[in-house]
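Trainee: fold the following and give me the result.
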Amino acid sequence: MAGDFTFPQGKANSMETVKEYIKTRIDAGFAIGGATQIWRPWAEFQQGLSGAGSVMLSDIVVEGLGNYDKVKGFPTRGGSIGWEEYKLRYDRAGSYNIDRVDIFQVALSAVLDRWTGQLSRNQLIPERDKINIMAAYERIEDAAPGNVESYDPTVNDIIGKFGEVLNKLFNKTGMLQGYQILVNGKYMDTFMNSKEVTKVVGVAQNPVLAIEQRVGAVSGSILQWAPEDRMKTEFDILDGVTAGEEDGGVVVNEDAEDIVAIFSAPDTIQSVDAVNVVNVFGPDINQTTDGTRINMRFFYDTLITKNSLPGTYVLVAPGD
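Mentor: This is a model prediction of the structure:
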């Protein structure tokens, strides 16, 4: 399925229709796939992505209360809900060839569904996660270095450390629970074997018998597990052109450290991603292969406003 998008019935699909279908499919994958989807701003709070990689995000500003006065009445306080423009730092692109296919609905949608699914699952979502996790770490470390702590997890203290961080956040934000915790999958066994965990096997019969043993929450805050190869402090972003970088993608920098976990209050970290399907050339125009060529740009970044920084915390494992 591709969101609410459907091809027109009974007629050939235009290239504009194909572009919109591909964009909708990939956007749907970004919304539900990968680790950093928990940081995605609500669609209502994001608008106006341009071809230059700028996006408008909802920005809320409020001032504290004053005293009511019998003569002067209500004190004037500032408060607004507006939009602020951000330039996304990571502008990625690709030009893809797919085989010649019938441009009518059934054949085309089947091919595009399979192709966009493989592209999103194997390339786009892993790269999006790596870049946006690195960007979140960089934002917090640069603007609030006191919110980054070196910590080497052990089975004896990992739950206690997470509780300690949540207490620190509570004292800054007043929020007792409901934090989002992105956790490195490398430490899943450390959690499961922790001396502080009372293991309970959850069994469900809807719709089939299922057993869940993984730790899913700590002190009322949900854990989002991320593959360990995405939880790094630094990646090298390959340009796909320079000698040695022809394969593109992102690779772990040799000086990178493992991120154990990133803690955040809701809506403090905003992981923005967007796709712009620039061109679709059919077989009659494509001069590269006997097939359809699709040119796309992908924009990534993680944004954290200054007022949101107290609601963030990062644990980083010390390097070797």
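Trainee: tell me, how many residues neighbour residue 128?
Mentor: The number of residues packed near residue 128 is 27, by other C-beta atoms under 10 Å. Using the backbone N, CA and C atoms, a C-beta is placed for each residue, glycine as well.
Trainee: that one contacts residue 35, doesn't it?
Mentor: No: the criterion here is C-beta atoms under 8 Å, and residue 128 misses it with residue 35 at 9.3 Å.
Trainee: what mean pLDDT does stretch 162-175 have?
Mentor: Here stretch 162-175 scores 95 as its mean pLDDT.
Trainee: next, residue 128: secondary structure please.
Mentor: Under the three-state scheme (DSSP: H, G, I helix; E, B strand; the rest coil), residue 128 adopts helix.
Trainee: which residues sit in contact with it?
Mentor: Applying C-beta atoms under 8 Å, 6 or more residues apart in numbering to residue 128 gives the contacts 30, 34, 36, 273, 298, 300.
Trainee: go on, residue 90?
Mentor: Listed by C-beta under 8 Å, 6+ apart, the contact partners of residue 90 are 131, 135, 237, 299, 300, 301.
Trainee: buried subset of these as a ChimeraX selection?
Mentor: To isolate the buried members of the contacts of residue 90 in ChimeraX, using 16 or more other C-beta atoms under 10 Å:
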select :131,135,237,299,300,301
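Trainee: show me the contacts of residue 90 that map onto helices.
Mentor: Judged by DSSP state H, the subset of these located in helices is 131, 135.
Trainee: give me the sheet partners of the helix or strand containing residue 96 and which way each runs.
Mentor: Assigned by DSSP states H and E, residue 96 belongs to strand 90-99. Here strand 90-99 is paired, per DSSP bridges, with strand 291-303 (antiparallel).
Trainee: and after the partner strand, which helix or strand comes next?
Mentor: Following strand 291-303 toward the C-terminus (DSSP H and E): strand 312-316.
Trainee: which residues touch that following strand?
Mentor: 137, 140-141, 144, 147-151, 153, 161, 165, 168-169, 233, 257-265, 268-269, 304.
Trainee: for the residue nearest to the spatial centre of the chain, what are its contacts?
Mentor: The residue lying closest to the centre of the chain (C-alpha atoms, centre = their mean) is residue 36, at 2.8 Å. For residue 36, the contact set (C-beta under 8 Å, 6+ apart) comprises 128, 129, 132, 133, 136, 182, 226, 271, 302.
Trainee: again, only this time at 6 Å
Mentor: 129, 132, 271 (C-beta atoms under 6 Å, 6 or more residues apart in numbering).
Trainee: how far away is the first one from residue 178?
Mentor: Between residue 129 and residue 178 the computed distance is 22 Å (C-beta to C-beta, to the nearest Å).
Trainee: which one's more surrounded, those two?
Mentor: residue 129 (25 against 10).
Trainee: wait, that one touches residue 35, no?
Mentor: Yes: counting by C-beta atoms under 6 Å, residue 129 touches residue 35, with 5.0 Å between them.
Trainee: quick check, nearest of the contacts of residue 128 to residue 248?
Mentor: Distances from residue 248 to those, taken as C-beta to C-beta, are shortest for residue 298 (11.5 Å).
Trainee: my read is that that closest one contacts residue 92, right?
Mentor: Yes: Residue 298 is in contact with residue 92 according to C-beta under 6 Å; the separation is 4.5 Å.
Trainee: low-confidence ranges, the stretch 1-150 of the chain, go.
Mentor: 1-13, 42-52, 57-62, 78-82, 100-107 (pLDDT under 70).
Trainee: follow-up on the earlier one: look up how far residue 77 lies from the residue nearest to the centre of the chain.
Mentor: In terms of C-beta to C-beta, residue 36 sits 35 Å off from residue 77.
Trainee: just give me how far stretch 217-233 sits from the chain centre.
Mentor: 12 Å (C-alpha atoms, centre = their mean, to the nearest Å).
Trainee: give me the residues contacting it.
Mentor: For stretch 217-233, the external contacting residues (C-beta under 6 Å, 6+ apart) are 35, 38, 129-130, 133, 137, 162-163, 166, 177, 179, 181-186, 216, 252, 256-257, 259.
Trainee: could you rerun that using 7 Å?
Mentor: 35, 38, 126, 129-130, 133-134, 137, 159, 162-163, 166, 177-186, 188, 215-216, 252, 256-259, 316 (C-beta atoms under 7 Å, 6 or more residues apart in numbering).
Trainee: mind checking the SS state of the residue located most distally from the centre of the chain?
Mentor: Farthest-out residue of the chain from its mean C-alpha position, per C-alpha atoms, centre = their mean: residue 71, at 51.3 Å. What three-state DSSP gives for residue 71 is coil.
Trainee: list the contacts of it.
Mentor: By C-beta under 7 Å, 6+ apart, residue 71 lies in contact with nothing.
Trainee: quick one: low-confidence ranges for the stretch 201-320 of the chain?
Mentor: For the stretch 201-320 of the chain (pLDDT under 70), the answer is 201-214, 283-290, 320.
Trainee: how about the backbone phi and psi for residue 76?
Mentor: Main-chain torsions, residue 76, degrees, to the nearest 10: phi -80, psi 130.
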